[in-house]
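A.B. asks: Predicted structure and sequence below. I'll ask about it afterward.
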Amino acid sequence: MHCLKPNKENTRRKEKKSKKKSFLQNPNMSAKISIFQALVFLFYRFILRRYRNSKPKYQNGPSSLLQSDLSRHTLIFNVEGALLKSDSLFPYFMLVAFEAGGVIRSFLLFILYPLISLMSHEMGVKVMVMVSFFGIKKEGFRAGRAVLPKYFLEDVGLEMFEVLKRGGKKIGVSDDLPQVMIEGFLRDYLEIDVVVGREMKVVGGYYLGIMEDKTKHDLVFDELVRKERLNTGRVIGITSFNTSLHRYLFSQFCQEIYFVKKSDKRSWQTLPRSQYPKPLIFHDGRLAIKPTLMNTLVLFMWGPFAAAAAAARLFVSLCIPYSLSIPILAFSGCRLTVTNDYVSSQKQKPSQRKGCLFVCNHRTLLDPLYVAFALRKKNIKTVTYSLSRVSEILAPIKTVRLTRDRVSDGQAMEKLLTEGDLVVCPEGTTCREPYLLRFSPLFTEVSDVIVPVAVTVHVTFFYGTTASGLKALDPLFFLLDPYPTYTIQFLDPVSGATCQDPDGKLKFEVANNVQSDIGKALDFECTSLTRKDKYLILAGNNGVVKKN
Ligand SMILES: O=P(O)(O)OC[C@H](O)CO
């Protein structure tokens, strides 16, 4: 957040403003205020409106701005009123309640919703903030940067985005949404220069569930726009008819104000992923579906069935032979599609000294298990890095922990290959979106032949991965999903880098080629991002697992 330099004039203005507010907000006080004071106040407002700013030009819909050159202008827009397509803020507070607070808190928000919908808009927002934030540790709150951007981006109106793209400086203001919910999305993904959301009250490092007074928020806004006017001289406001308070503030400072109507929003398209100013590669949280009121109802109704389905699926995958478990799992909704079946296309050499090295991209911790399903082999092993103890115990195939020491990890992989087939995920961490992270080249040095495996996963309700949550629950969330679907594609084998590699470049070439082959097969973009990059964004740490 920006800092405001206090000065005498500011303080005087703030005092005047807070007096003005308390007069407006407390009807009991009005009796005590003399007619003279009331006249002075009205006169003050009249003068303020008349001379502080020339009357702004009110316009309908911001689409006419698409024809103008706005590169030297400052655009101030209301986030919920003029940028987001949907009218309801419930899904965003539900995401906070579920991801930061848990299932019970989200259920409370859900059952309170009928009551919330009967309240005034302002009171409804206050209740949603209270239920979602009360008692959440400020330091550990990561949903604003790690979870919400995905959902906000999917709700941005393309037409409004086009307007913002043309602007010079861009300022996003919210009447209702806390700063911690919108700052990450607006700054990191939409490249908005200044974000003015509602500040939250914090006691002892925990959110109280109450937003700071609106007067304080308005003063920040007031100060900011005043500064902008001095800098650029031209300020354009874009808001909606519903945001009454900001309409007043906007009219104080903006030369032109554009109003977005509900009907405008309905005709807007959604910002396509290909036009995101910064790609959304990483996100966290368990929910894979936007928790609108209807979706939340379906999620809670699915809950009891999910528990039964997860228990049954776990039993089947652990205790029944693959020939039976694969069709039973498919019947329960766990689908697996195998393309370029490796087993039938390869002539197995029984005399082969070493097992086969399968190298796949990493979507969930179950990738090696699904490769085993696809090969219909139980005697297959995998190496892992951040797998929880619970997952290790439950894993129906042998898992071996990597230490991140090149020599010992290489030796461990070579030893495993002498015992049979091995599955390796050289990205070192999972990625949910159509991107491939950098492939660590260690796998290229342990086998002459490498079989690249392209993996895609689709889930409906829950993600079976997490960066900042409890990793022990990863397999459970995957099994709770109604239709967790895997697609496995075996690609043509490539040669490893076990031969002479004097300048050490070959291993990187091979690793990059395998990444590129998988990328082409899946139509995913190859990146050089690493596990560290992902954990810094999502969890605020470098993703190193403590030795135990
Ligand atoms: O997505 P991550 O970071 O939890 O990685 C999971 C992998 O299975 C690690 O071996």
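C.D. replies: Okay, I see it.

A.B. asks: Ala312 falls within a helix, correct?
C.D. replies: Yes. Assigned with DSSP: H, G, I helix; E, B strand; the rest coil, Ala312 falls within a helix.

A.B. asks: wait, it sits on Ser332?
C.D. replies: Yes. The pair Ala312 / Ser332 is scored as a contact, 6.4 Å apart, by CB atoms under 8 Å. No exception for glycine: its C-beta is placed from N, CA and C like everyone else's.

A.B. asks: Between these two, tell me which one has more neighbours.
C.D. replies: Ser332 (18 against 14; other CB atoms under 10 Å).

A.B. asks: For the more buried one, give me phi and psi.
C.D. replies: When read as degrees, to the nearest 10, the backbone of Ser332 gives phi -80, psi 0.

A.B. asks: wait, what's in contact with Asn242?
C.D. replies: Counting by CB atoms under 8 Å, 6 or more residues apart in numbering, Asn242 touches 81, 121.

A.B. asks: Give me the pLDDT value at it.
C.D. replies: Note on Asn242: pLDDT of 70.

A.B. asks: just Tyr276 next, same as before
C.D. replies: Confidence score, pLDDT, at Tyr276: 97.

A.B. asks: Over to Asn10?
C.D. replies: Per-residue confidence at Asn10 stands at 47 (pLDDT).

A.B. asks: do Arg229 as well
C.D. replies: Here the pLDDT value assigned to Arg229 is 68.

A.B. asks: so where's the chain uncertain?
C.D. replies: Scanning the chain for pLDDT under 70 picks out 1-56, 58, 229-233, 243-249, 341-353, 547-548.

A.B. asks: For the stretch 201-350 of the chain, list the residues in contact with the ligand, please.
C.D. replies: Within the stretch 201-350 of the chain, not a single residue sits near the ligand (CB under 6 Å from any ligand atom).

A.B. asks: all strands for the stretch 201-350 of the chain, in order.
C.D. replies: Secondary structure of the stretch 201-350 of the chain (DSSP state E, counting those that start in this stretch): strands at 206-211, 235-240, 256-260, 335-339.

A.B. asks: would you list the ones you listed in JSON lines and tack on distance to Gly285 and mean neighbour count?
C.D. replies: Shown next, in JSON lines, are the strands of the stretch 201-350 of the chain (distance: least, CB to CB, whole Å; neighbours: other CB atoms under 10 Å):
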{"stretch": "strand 206-211", "distance to Gly285": "18", "mean neighbour count": "19"}
{"stretch": "strand 235-240", "distance to Gly285": "28", "mean neighbour count": "26"}
{"stretch": "strand 256-260", "distance to Gly285": "29", "mean neighbour count": "23"}
{"stretch": "strand 335-339", "distance to Gly285": "23", "mean neighbour count": "14"}
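
A.B. asks: got the residues of this protein near the ligand?
C.D. replies: 365, 384-387, 429-430, 465, 471.

A.B. asks: So which of the residues you listed sit within strands?
C.D. replies: Of those, the ones assigned to strands by DSSP state E are Thr384.

A.B. asks: and the residue nearest to Ser317 when sequence neighbours are not counted, how many neighbours?
C.D. replies: Using CB to CB, 6 or more residues apart in numbering and skipping the chain neighbours, the partner closest in space to Ser317 is Ser325 (5.6 Å). Ser325 has 19 neighbours, counted by other CB under 10 Å.

A.B. asks: Could you measure from Ser325 over to the ligand?
C.D. replies: Going from Ser325 to the ligand by CB to the nearest ligand atom, to the nearest Å gives 21 Å.

A.B. asks: likewise Gly102?
C.D. replies: 20 Å.

A.B. asks: change the start of the numbering to 42 and stick with it
C.D. replies: With 42 as the first residue, the last one maps to Gly143.

A.B. asks: Which residues are in contact with the closest residue to Lys210 other than its chain neighbours?
C.D. replies: Among residues not flanking Lys210 along the chain, Thr115 sits closest, at 4.4 Å (CB to CB, 6+ apart). Thr115 sits next to 208-212, 269, 272-273, 275-277 when contact means CB under 8 Å, 6+ apart.

A.B. asks: Filter those residues down to the buried ones and hand me the PyMOL line.
C.D. replies: Buried residues among the contacts of Thr115 (16 or more other CB atoms under 10 Å), as a PyMOL selection:
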select buried, resi 208+209+210+211+212+269+276+277
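
A.B. asks: which among the contacts of Thr115 gets closest to Ala552?
C.D. replies: For these, the residue nearest Ala552 by CB to CB is Lys211; the value is 40.1 Å.

A.B. asks: Give me the domain ranges for the chain.
C.D. replies: Following the TED database, one finds the domains of the chain at 98-316, 334-580.

A.B. asks: Of all those domains, which one is nearest Lys587?
C.D. replies: domain 334-580 (10.2 Å).

A.B. asks: Give me the distance from that closest one to the chain's centre.
C.D. replies: 23 Å (CA atoms, centre = their mean, to the nearest Å).

A.B. asks: ok, back up a step: what sits opposite the residue nearest to Lys210 in the beta ladder?
C.D. replies: Counting by DSSP bridges, Thr115 is bridged to Lys210, Val276.

A.B. asks: For the ligand, see how far away it is.
C.D. replies: Thr115 sits 41 Å away from the ligand, going by CB to the nearest ligand atom.

A.B. asks: Confirm Val496 sits in a strand?
C.D. replies: Yes. According to three-state DSSP, Val496 belongs to a strand.

A.B. asks: and it, bridged to which residues?
C.D. replies: Beta-bridge pairing for Val496 (DSSP bridges): Ile529.

A.B. asks: who's in contact with it?
C.D. replies: Applying CB under 8 Å, 6+ apart, we find Val496 in contact with 401-404, 408, 411-412, 527-530.

A.B. asks: Can I get these in a markdown table including secondary structure and neighbour count?
C.D. replies: Formatted as a markdown table, these follow (DSSP: H, G, I helix; E, B strand; the rest coil; neighbours: other CB atoms under 10 Å):
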| residue | secondary structure | neighbour count |
| --- | --- | --- |
| Cys401 | strand | 26 |
| Asn402 | coil | 26 |
| His403 | coil | 23 |
| Arg404 | coil | 22 |
| Asp408 | helix | 23 |
| Tyr411 | helix | 23 |
| Val412 | helix | 27 |
| Tyr527 | strand | 22 |
| Thr528 | strand | 18 |
| Ile529 | strand | 23 |
| Gln530 | strand | 20 |
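
A.B. asks: Which of the residues you listed sits closest to Met169?
C.D. replies: Ranked by distance to Met169 (CB to CB), these are led by Arg404 at 33.2 Å.

A.B. asks: Report whether the expected contact of that closest one with Thr471 is present.
C.D. replies: Yes. Between Arg404 and Thr471 there is a contact at 5.9 Å, judged by CB under 8 Å.

A.B. asks: residues near Met342, how many?
C.D. replies: Per other CB under 10 Å, the neighbour tally for Met342 reads 10.

A.B. asks: Roughly how far does it sit from Ile330?
C.D. replies: Taking CB to CB, to the nearest Å as the measure, Met342 falls 13 Å from Ile330.

A.B. asks: Ok, Leu463 next?
C.D. replies: Distance from Leu463 to Ile330, counting by CB to CB: 35 Å.

A.B. asks: just Ser158 next, same as before
C.D. replies: Ser158 sits 21 Å away from Ile330 when distances are taken as CB to CB.

A.B. asks: More neighbours: which of those two?
C.D. replies: Using other CB under 10 Å as the criterion, Ser158 and Ile330 rank with Ile330 on top: 16 against 11.

A.B. asks: can you pull the contacts of the more buried one?
C.D. replies: With contacts defined as CB under 8 Å, 6+ apart, the neighbours of Ile330 are 336, 340, 501-502.

A.B. asks: which stretch of helix or strand covers Lys422?
C.D. replies: Using DSSP states H and E, Lys422 sits in strand 421-425.

A.B. asks: in its sheet, what does that strand sit against?
C.D. replies: Applying DSSP bridges, one finds strand 421-425 paired with strand 439-442 (parallel), strand 462-465 (parallel).

A.B. asks: Save the contacts of Thr115 as a markdown table, and put in distance to Phe193 too.
C.D. replies: Shown next, in a markdown table, are the contacts of Thr115 (distance: CB to CB, whole Å):
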| residue | distance to Phe193 |
| --- | --- |
| Gly208 | 19 |
| Gly209 | 23 |
| Lys210 | 21 |
| Lys211 | 15 |
| Ile212 | 17 |
| Glu269 | 24 |
| Asn272 | 28 |
| Thr273 | 27 |
| Arg275 | 28 |
| Val276 | 24 |
| Ile277 | 22 |
